[in-house]
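Peer 1: Make a model of this:
(4 chains)
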There are 2 protein chains.
Amino acid sequence: MRERRSLPVVGQPQPERADAARNRQKIIEVAARMVTECGADNLSLDEVAREACVGVGTVYRRFGDRTGLLLALIDERERRFQAAFLSGPPPLGPGAPARERIVAFLHALVDRILADEALFLLLEKGGTAKRFTGPYRVHHIHLATLLARACPGADAAYLADALLAPVNAHLIARQREERGMTVEQIKSGLEALAEAVTRATS
Amino acid sequence: MRERRSLPVVGQPQPERADAARNRQKIIEVAARMVTECGADNLSLDEVAREACVGVGTVYRRFGDRTGLLLALIDERERRFQAAFLSGPPPLGPGAPARERIVAFLHALVDRILADEALFLLLEKGGTAKRFTGPYRVHHIHLATLLARACPGADAAYLADALLAPVNAHLIARQREERGMTVEQIKSGLEALAEAVTRATS
DNA sequence: AGATTAATCGGAGGACTCTCCGTTTACAAC
DNA sequence: GTTGTAAACGGAGAGTCCTCCGATTAATCT
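Peer 2: Down below sits the predicted model:
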């Protein structure tokens, strides 16, 4: 047993080996292409591996499982979205009254989900574990913070879950396809909900 | 080509053949037992078929797919629940003011979901198609009717979706396990939501 | 350069869902 | 009984997800 070759830098996650990084990139590219080409629910990880010229094992080591790959595909747009509500211009970002920010956030979230609809549909099929692990947690914290400010005394954490629950790819898809609702109608439904909640407890 | 042997009785679905009925029953029994014994997420239809001494094809012809079997397992308790809110004693059944019935319904729905928690968790993983095909549709119609009475002028159909959305096995499981909420806390969160909605638009 | 070693690779294999279709069987009519 | 036929049966097989582990290789040390 010898000493470690180099001291690990705390806080800096060990950088990936060159081949690993290359493969991660290639897998993401191939998967993204296949999703836009063939629709997302037929996305087979075996096929992704084949098209990317790597073994199946490689896909799973890099991304853990199907859900992990989905989260990676969602990542880029999601970061922009998060930047927008955390530090962008009002009313989505800081600077506007909490109540307005809540409505702006819900509207933007609808658009966000529609932009990656197929991916979110797939994501929502995964087990509880990861479904609330990715973007959801961030959205929840943000909304709960705004709600705590807009309605002091209420259970902000619960209300955040309750407002987030109807903004869900499966439900929205069904409202549009089966009940013929437009995006505007959905947004104003959410707006009414948000206003009812913030008015009731202030 | 000969005439049909007997005239089909309109409205009465052709009765199942004896062997078919027997197999359906046996499959349901076996599946129910396996769920209570081994937990529900490890329920393999191959294994159900083996234990029930039928071919896999039989399971799929009887129930269509995994979700179909799940719905059949849920069915008995679900019927009792529906009878309770459609024609049972108030405040859940008819006779109480709409606003009270809404709260009573949401509370009862939480209990309903917890009673068959494992089954509902599985059910929610299925695609959009069947998830909104089974109990959901009935719950939605009922709640929308009550809402239309309690808040005339509002979009009752949308509000029903919005109130139903947070009553969802995955979310409730997470609220309890990860955030340590009690069932009572969840119920009073829902109650606050329902009151905010019905107050805002009346 | 050459050696060392831990990280990475890749694909065989197990378990699962669901489909297809040739074979068997329940039921009704005679 | 016998017979005809629509319905039901059952299991092989295709397509998936994911795991495991021996072979390979990138990065570092001398």
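Peer 1: So which residue is dead centre in chain A?
Peer 2: The centroid of chain A falls nearest to residue A:135 when counting by Cα atoms, centre = their mean (3.6 Å).
Peer 1: Contacts only, for it.
Peer 2: The contact partners of residue A:135, by Cβ atoms under 8 Å, 6 or more residues apart in numbering or on different chains, come to A:74, A:78, A:82. Just so you know, the C-beta spots here come from the backbone N, C-alpha and C atoms, and that holds for glycine as well.
Peer 1: what about the helix or strand of chain A with the lowest mean pLDDT, near chain B?
Peer 2: Between all helices and strands in chain A, the lowest mean by mean pLDDT, DSSP states H and E belongs to helix A:128-131, at a mean of 78. Yes - interface with chain B: helix A:128-131 contributes A:128, A:131 (Cβ under 8 Å from any Cβ of the partner chain).
Peer 1: For that helix, name the packing helices and strands.
Peer 2: Where contact means 3 or more Cβ pairs under 8 Å, 6 or more residues apart in numbering or on different chains; DSSP states H and E, helix A:128-131 is packed against helix A:66-87, helix B:169-177.
Peer 1: repeat that for 6 Å
Peer 2: helix B:169-177 (3 or more Cβ pairs under 6 Å, 6 or more residues apart in numbering or on different chains; DSSP states H and E).
Peer 1: ok, back up a step: list the buried residues in the least confident helix or strand of chain A.
Peer 2: Of all the residues in helix A:128-131, those buried under the rule 16 or more other Cβ atoms under 10 Å in any protein chain shown are A:128, A:130, A:131.
Peer 1: How far off centre is the helix or strand that contains residue A:113?
Peer 2: Here residue A:113 sits within helix A:98-115, counting by DSSP states H and E. Distance, stretch centre to chain centre, for helix A:98-115: 13 Å (Cα atoms, centre = their mean, to the nearest Å).
Peer 1: Just after that helix, pick out the following helix or strand.
Peer 2: helix A:117-123.
Peer 1: Between the buried residues of helix A:128-131, which sits nearest residue B:29?
Peer 2: residue A:128 (28.4 Å; Cβ to Cβ).
Peer 1: If we ignore the residues flanking it in sequence, what's nearest that closest one?
Peer 2: Nearest residue to residue A:128, sequence neighbours excluded (Cβ to Cβ, 6 or more residues apart in numbering or on different chains): residue B:170, at 4.8 Å.
Peer 1: Next one: that neighbour from residue B:35, what distance?
Peer 2: Plainly put, residue B:170 is 18 Å away from residue B:35 if you go by Cβ to Cβ, to the nearest Å.
Peer 1: just residue A:87 next, same as before
Peer 2: Shown here: residue A:87 relative to residue B:35, a distance of 48 Å by Cβ to Cβ.
Peer 1: Which one of these two is surrounded by more residues?
Peer 2: For residue A:87 versus residue B:35, neighbours defined as other Cβ atoms under 10 Å in any protein chain shown are more numerous around residue B:35 (20 against 9).
Peer 1: What sits closest to that one if chain neighbours are left out?
Peer 2: Spatial nearest neighbour of residue B:35, excluding adjacent residues (Cβ to Cβ, 6+ apart): residue B:43 at 6.0 Å.
Peer 1: How many residues are close by the nearest residue to residue A:81 once chain neighbours are set aside?
Peer 2: Setting aside the residues directly before and after it, residue A:81 is nearest to residue A:112 in space (Cβ to Cβ, 6+ apart), at 5.1 Å. By the other Cβ under 10 Å criterion, the neighbourhood of residue A:112 contains 23 residues.
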